[in-house]
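1. give me a model of this one.
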Amino acid sequence: MTRLGFVLASDSCIGCHACTVACKSEHDVPLGVNRTWLKYVETGTFPNTGRSFTVMRCNHCDDAPCMKICPTSALHRAENGVVDFNDNICIGCKACMNACPYDAIYINPETNTANKCNFCNHRVEVGLEPACVVVCPTHAIISGDLDDPTSEISKIVARDKVAVRAPEQGTAPKVFYRGVDQAALDPTRTRIANDGMIWTDTTKSHPTITPVMAEHSGNQVIGRTAYTTTHPLTWKSKVSGYLVTKAIAAGVMAIAALLVLLGHGDSATAAGVVPAIVAGVFTAITGVLLIADLKQPSRFLYILTKSNTESWLVRGAWILGAFATLVGLWGLLDLVGANSVLPWLSLPIVLLSAGVAGYTAFLFGQCEGRDLWQTPLLLPTLLAQAVVAGGSAYGLLDLVIDVPETRAIRITTLAALGVLTFLIGTEIVSHGSRSVELATLEMTRGAYAKQFWLGGVALGLVVPIVLLAVTLGASSPNTALTAVASATALVGLFAYEDAYVRAGQSVPLS
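-> Below is the predicted model of the structure:
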């Protein structure tokens, strides 16, 4: 099988942008986005300074994370080893953008689908070279078959000192750099200076090492990025919100199932139809948020009809569908008076609730470009959040309905808050990589620090822990105080999730 790849000879590149222009012309790439682009990096101090030019693009990885996470296989591998894409089945979920460790994928503003370098596969398939190779005036871009030992590219890779971007990700990239400044390949070692870049105005869409990151990086930042492209934040408040809404749905049903097992199955309001309605509503909101975040929302059913079973977006949709079905059945059985069946559904409900709450840990795990999300602590964190969300929902329901076992629910919620405090504390002091350290800094000391500490920690953990402890220590239950604790816990949960989601995407990848 052919394995096409590139050698990008930075020692020959003159930074002329011919490759970028040829790529845009060949593929009608709109303004503001790029399949291929140049990055300028300046190192040293006057008068001993240097500027290197590095071509950035898709690495056509042998183990491509974008293909695994794509829910419809819109990103797929051609017979020649190229990672290609199909506009017709892309739903615009943007998961591939966070899965790619190289910032190579963008949303085409004209088609609202994910696009990237596809090796000019339409040219290669008829015996032509990619457009960028043809126009390069210094032969700094070499393409060919890496499995053919007689090809020029194979000889260069075997003979010369070459490097790849982000080798620690284990994606086996097929783009090799010769004569490159290592600072140009590691975006955490350079930053955009306060005076901006040459030929362009910097905006928030230019991710770079922020001042707080640089301050705590010691001598790791050794140069400045003088020119690059913009890469806007991919997932925002809709994704943060969906994490909270599905936690509420999962937590409410898990507690309802436990109430049934404790002998309260005849309580239609607290253990039957009411939690089913709450869970159903928040599951529906979860679905609305997920669909609204798609760039091609009309294609959302492709997740089910054109499924890539490796993707946790697909598996998550299956879990949410099964959960919604069982929740509907739970409420229906209670309405028709078949409460005796509910204990038999309790274990499946608890298992599916755990699945709804926890599957995002595996989805985020497929986002290999975002190291902050790769922690093994994410799964127990999501499960603890579901317990907090479910307990908080019951704390609010207690204002309008008669909830049994309120003390047990408060104790459970308080315990889950304690576990969550421990997990978050462990997370912010455990740095698995430099990228994790930088993202954590941005979350705890940078742009998202107020949201994290005041919202996620103070409002979401400290306040509800104190208030629940007070209610448990009182001689009689204080429903109003419990409701306040519940409301602050839910607001704080969103604040934390939003800071976490955004901080995970704050570290530049290119």
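2. burial of residue 234, as a residue count?
-> Using other CB atoms under 10 Å, residue 234 has 21 neighbouring residues. For glycine as for every other residue, the C-beta is placed from the backbone atoms N, C-alpha and C.
3. ok, it touching residue 98?
-> Yes. Between residue 234 and residue 98 there is a contact under CB atoms under 8 Å: 5.5 Å.
4. and for the two, which residues touch both?
-> residue 505 (CB atoms under 8 Å, 6 or more residues apart in numbering).
5. for residue 7, helix, strand, or coil?
-> strand (DSSP: H, G, I helix; E, B strand; the rest coil).
6. the closest residue to it other than its chain neighbours: which element?
-> The shortest distance from residue 7 to any non-neighbouring residue, by CB to CB, 6 or more residues apart in numbering, is to residue 142 (4.3 Å). Under the criterion of DSSP states H and E, residue 142 resides in strand 141-145.
7. please identify the buried residues of the helix or strand bottoming out on mean pLDDT in the chain?
-> Within the chain, confidence by mean pLDDT, DSSP states H and E is lowest for helix 211-215 among all helices and strands, at a mean of 87. Neighbour counts over helix 211-215 (16 or more other CB atoms under 10 Å) mark 212-214 as buried.
8. next up, the contacts around residue 113.
-> Counting by CB under 8 Å, 6+ apart, the residues that residue 113 touches are 74, 85, 87, 90, 92, 107, 295-296.
9. among these, which are in helices?
-> Of the contacts of residue 113, none are assigned to helices by DSSP state H.
10. which one of these is nearest residue 6?
-> Within the contacts of residue 113, proximity to residue 6 (CB to CB) peaks at residue 85, which comes in at 17.5 Å.
11. give me the below-cutoff pLDDT ranges for the stretch 201-350 of the chain.
-> For the stretch 201-350 of the chain, the stretches with pLDDT under 70 are 265, 267-268.
12. how about the strands in it?
-> 223-227 (DSSP state E, counting those that start in this stretch).
13. how about the helices in it?
-> Using DSSP state H, counting those that start in this stretch, the helices of the stretch 201-350 of the chain run over residues 211-215, 237-259, 273-292, 302-305, 312-335, 342-365.
14. mind checking which of those helices is nearest residue 431?
-> helix 211-215 (12.7 Å).
15. surely residue 437 and residue 431 touch.
-> Yes. With contact defined as CB under 8 Å, residue 437 counts as touching residue 431 (4.1 Å).
16. which of those two has more neighbours?
-> It is residue 437, of residue 437 and residue 431, that has more neighbours when counted by other CB under 10 Å, with 20 against 16.
17. what is whichever strand or helix holds that one packed up against?
-> Taking DSSP H and E as the criterion, residue 437 maps to helix 434-444. In terms of contacts (3 or more CB pairs under 8 Å, 6 or more residues apart in numbering; DSSP states H and E), helix 434-444 is packed against helix 211-215, helix 406-429, helix 479-504.
18. residue 115: which of these is closest?
-> helix 479-504 (23.2 Å).
19. which one is residue 379 nearest to, not counting chain neighbours?
-> Closest to residue 379 by CB to CB, 6+ apart is residue 361, at 3.9 Å.
20. same question, residue 456
-> Nearest one to residue 456, counting by CB to CB, 6+ apart, is residue 496 at 3.0 Å.
21. next one: residue 120
-> That would be residue 130: by CB to CB, 6+ apart, it lies 3.8 Å from residue 120.
22. below-threshold pLDDT in the protein: ranges please.
-> 1, 265, 267-268.
23. related to what we said a few turns ago, distance check, the residue nearest to residue 120 against residue 123.
-> Per CB to CB, to the nearest Å, residue 130 is found 6 Å from residue 123.
24. give me the more crowded residue out of the two.
-> The residue with more neighbours, out of residue 130 and residue 123, is residue 130; 26 against 15, by other CB under 10 Å.
25. now do stretch 143-162: distance from first to last residue.
-> 14 Å (CA to CA, to the nearest Å).
26. give me the buried positions along that stretch.
-> Buried residues in stretch 143-162 (16+ other CB under 10 Å): 143-146, 151, 153-154, 156-157, 162.
27. tell me the one among these nearest to residue 341.
-> Nearest member of those to residue 341, counting by CB to CB, is residue 146, at 60.0 Å.
28. dump the residue contacts of the closest one.
-> 3-5, 81, 153-154, 157, 174.
29. hmm, 6 Å instead?
-> Each residue near residue 146 by CB atoms under 6 Å, 6 or more residues apart in numbering is listed here: 3, 5, 154.
30. what do you get for residue 7?
-> Per CB under 6 Å, 6+ apart, neighbours of residue 7: 142, 153, 156, 176.
31. kindly recompute the last result at 7 Å.
-> By CB atoms under 7 Å, 6 or more residues apart in numbering, residue 7 lies in contact with 142, 153, 156-157, 162, 176, 178.
32. export those residues as a markdown table, with columns for secondary structure and distance to residue 319.
-> Putting the contacts of residue 7 into a markdown table (DSSP: H, G, I helix; E, B strand; the rest coil; distance: CB to CB, whole Å) gives the following:
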| residue | secondary structure | distance to residue 319 |
| --- | --- | --- |
| 142 | strand | 46 |
| 153 | helix | 44 |
| 156 | helix | 47 |
| 157 | helix | 43 |
| 162 | strand | 43 |
| 176 | strand | 40 |
| 178 | strand | 46 |
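33. closest one of these to residue 40?
-> residue 178 (17.9 Å).
34. can you name the residues bridging to that closest one?
-> Listed by DSSP bridges, the beta-bridge partners for residue 178 are residue 9, residue 162.
35. now it: how far from residue 164?
-> For residue 178, the distance to residue 164 - CB to CB - is 11 Å.
36. end to end on stretch 391-410, go ahead and measure it.
-> 7 Å.
37. give me the residues contacting that stretch.
-> Under CB under 7 Å, 6+ apart, the answer for stretch 391-410 is 248, 251-252, 255, 259, 262, 264, 267, 269-270, 274, 278, 412-413, 416, 468, 471-472, 477, 479, 482-483, 485-487, 489-490.
38. filter these to the buried ones?
-> 248, 251-252, 255, 259, 264, 267, 270, 274, 278, 412-413, 416, 468, 471, 482-483, 485-487, 489-490.
39. domain ranges for the protein, per the record?
-> The record, using automatic domain parsing to delimit domains, assigns the chain the ranges 4-227, 237-504.
40. got JSON lines for those, with distance to residue 510 too?
-> Formatted as JSON lines, the domains of the chain follow (distance: least, CB to CB, whole Å):
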{"stretch": "domain 4-227", "distance to residue 510": "4"}
{"stretch": "domain 237-504", "distance to residue 510": "10"}
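41. separation between residue 440 and residue 507?
-> 10 Å.
42. same question, residue 191
-> 11 Å.
43. show me what the strand or helix carrying residue 42 is packed up against.
-> Residue 42 is part of strand 37-45 when elements are defined by DSSP H and E. Applying 3 or more CB pairs under 7 Å, 6 or more residues apart in numbering; DSSP states H and E, one finds that strand 37-45 makes contact with strand 48-56, helix 182-185, strand 223-227.
44. how far off centre is stretch 259-276?
-> Here stretch 259-276 is found 36 Å from its chain centre; the criterion is CA atoms, centre = their mean, to the nearest Å.
45. that one: end-to-end distance?
-> Start-to-end, stretch 259-276 (CA to CA) is 13 Å.
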